[in-house]
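Here's a sequence, model it:
(one chain, ligands or ions: 1)
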Amino acid sequence: MTNVFVISAPSGSGKSTLVHELMKRVPNLRFSVSYTTRAPRGSEQNGKDYYFIDRQDFEARVGKDEFLEWAEVFGNYYGTHRGELERAAAEGQDLVLDIDVQGARQLKKKIPAAVSIFILAPSRRELEQRLRSRSQDAEAVIERRLREAAAEIRNYSDYDYVLVNASVNASVERLAAIVEATRSRRERMEREIRPILESFENA
Ligand code: 5GP
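Just a heads-up that it's a prediction; the model follows:
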């Protein structure tokens, strides 16, 4: 069965780095590439970080029910295409989604077995420093993201796991542990267990 991992965090919590490192470290994970109407930042590539589309295209896709979940975040649309889960299932991979709290809520309703993880910066001060050092955003955007973060972190209680991101290595380690523990859950192991049991029965 395809395990679905939903990771949310206020912007600047170090989530992208953690997700990136997790994908490198744990085999058989597929990163869900979202659709968005926001403009590409820095070195972001279409089809790798996001599919960058315009509002009209996005709304047309919402009309055709193409998204597993979608939401408006910071004035832009973001959505997870149904094809992401289908492809992960077809390839026998688990899916990792980096989506906001609204999306996580929708996804949990549709896929109750999804495992959700909320990442927190160790403090507001730390978050502010990270947002500023990234310095790709204007001052007004940083202020807004800090305000949004204050509201967003109240949603931590909707999640299965909470991770305080004080060090990248320790956090990646924990994320990997969550993935491995989930993969080992008995109900998720049935397909692997069956031939083992059969080999004993047929002996
Ligand atoms: P950013 O613009 O910084 O890449 O992302 C802004 C926020 O949108 C982040 O919290 C990110 O997790 C969220 N996000 C990215 N893709 C999706 C998506 O497909 N659906 C939802 N609901 N949120 C998303």
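
contacting residues for the residue of the chain found nearest the ligand?
Here the residue of the chain nearest the ligand is Gly103; by C-beta to the nearest ligand atom that distance is 2.3 Å. Any C-beta I mention is one placed from the backbone N, CA and C, and that applies to glycine too. Shown in contact with Gly103 (C-beta atoms under 8 Å, 6 or more residues apart in numbering): Val6, Ser8, Glu69, Trp70, Ala71, Tyr78, Gly79, Thr80, Leu97.

Quick check: phi and psi at the closest residue to the fourth one other than its chain neighbours.
The reference is to Trp70. Taking C-beta to C-beta, 6 or more residues apart in numbering as the measure, Trp70 lies nearest to Gly79, with 3.2 Å between them; neighbours along the chain are not counted. For Gly79, the backbone dihedrals are phi -150, psi 150 (criterion: degrees, to the nearest 10).

swap in Val168?
Per degrees, to the nearest 10, the backbone of Val168 is at phi -60, psi -50.

tell me which element the residue of the chain closest to the ligand falls in.
Here Gly103 is covered by helix 101-110, with elements defined by DSSP states H and E.

Return the subset of the contacts of Gly103 lying in strands.
Counting by DSSP state E, the part of these found in strands is Val6, Ser8, Glu69, Trp70, Ala71, Tyr78, Gly79, Thr80, Leu97.

what's around the nearest residue to the fifth one once chain neighbours are set aside, how many residues?
The reference is to Ala71. Nearest in space to Ala71, with sequence neighbours left out and distances taken as C-beta to C-beta, 6+ apart, is Gln102 at 3.9 Å. For Gln102, the tally of surrounding residues (other C-beta atoms under 10 Å) stands at 17.

so who does Gln102 touch?
For Gln102, the set of contacting residues under the criterion of C-beta under 8 Å, 6+ apart consists of Glu69, Ala71, Val73.

And it, what's its pLDDT?
The confidence metric pLDDT takes the value 95 at Gln102.
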